[in-house]
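In: Predicted model and sequence follow; I will ask about them next.
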Amino acid sequence: MIDIHCHILPYIDDGPNSYDEALDMAKGAVEAGITHLYATPHHFNGRFENKKDKIIENVAIFNDKLQKENIPLIIHLGQELRIHREIFLTYELDEILTLDNKGKYLLLELPSFEVPTYTHDVIYELLLKGITPIIVHPERNKGFMQDFDELIKIVQRGALTQITSGSLIGHFGKKVKSFSQKIIEKQLAHFIATDAHSTFTRRFSLQEGYDTISNLYGMQQMYYFKENAEILLSGENLSIEKPKITRKKILGLF
Ligand code: FE
């Protein structure tokens, strides 16, 4: 399996605190059936700064260590970028790292309590540059919980979303769990990933997430998510489900 969102590189964010811990995480990922994993350190979230060059360097070192330890896991390049107004300035400065450094997909994080007003502009500008933003864990965003139409608009305009496997299995409470299901049912979700930070909290529960989807919605829905991650890794084009939106009644005419 492929995990597109995870904090496995040591020392650089709220992931592991040492190479030993990071290697333990890698072993855990392999045991959980993961073969390819995108290292996506936080960038610009107010606590951590991890620019493109730094991540590239760290991923190379870690892949080397994995090889030496004979751990069959391949780490791919990524970054979890917190949305901000100056995103395009930092893009020009070459600080932003798209998945696999291919300039096609970018993990974009919104603040947990709101959807900033400039979100739509940022998404639009990114799409113009040929970069599709993948909004991470929209199910944990209070703004989307209060205004579901915001999420619909964002997906209709071309952004993709990633649900965290832990949300689906109840690690973040009932509200988040049921909101994850609503997002999937409306076909507004495109990827499942672990967002793992350690071997204990927020671990590699990808298979459990897929099993939950399979039980609730059937194998086909589960394969849709699994295959999207595979297609993303292969660099081919994704074929995305259209959102299931019911038209609102207008003056009782419909
Ligand atoms: Fe994350």
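Out: That came through, no problem.
In: so residue 236, which of the three states?
Out: Per DSSP: H, G, I helix; E, B strand; the rest coil, the local secondary structure of residue 236 is coil.
In: Quick check: it vs residue 5, distance?
Out: 20 Å (CB to CB, to the nearest Å). Quick note: C-beta positions are derived from backbone N, CA and C, even for glycine.
In: which of those two has more neighbours?
Out: residue 5 (25 against 9; other CB atoms under 10 Å).
In: What residues does the residue in the stretch 101-250 of the chain that the ion sits nearest to make contact with?
Out: Per CB to the ion, residue 195 is where the stretch 101-250 of the chain lies closest to the ion, at 4.3 Å. Each residue near residue 195 by CB atoms under 8 Å, 6 or more residues apart in numbering is listed here: 5, 6, 7, 136, 137, 164, 166, 202.
In: hey, where'd the helices end up in the stretch 51-200 of the chain?
Out: For the stretch 51-200 of the chain, the helices defined by DSSP state H, counting those that start in this stretch cover 52-68, 87-92, 119-128, 142-146, 148-156, 165-168, 174-185.
In: relative to helix 148-156, how tilted is the last one?
Out: What that stands for is helix 174-185. With axes from the mean of the first three to the mean of the last three CA atoms, to 10 degrees defining the directions, helix 174-185 sits at 40 degrees from helix 148-156.
In: Neighbours of residue 90, how many?
Out: By the criterion of other CB under 10 Å, residue 90 has 16 neighbours.
In: Over to residue 28?
Out: 18.
In: That one touches residue 202, doesn't it?
Out: No. Applying CB atoms under 8 Å, one finds residue 28 not in contact with residue 202, separated by 11.5 Å.
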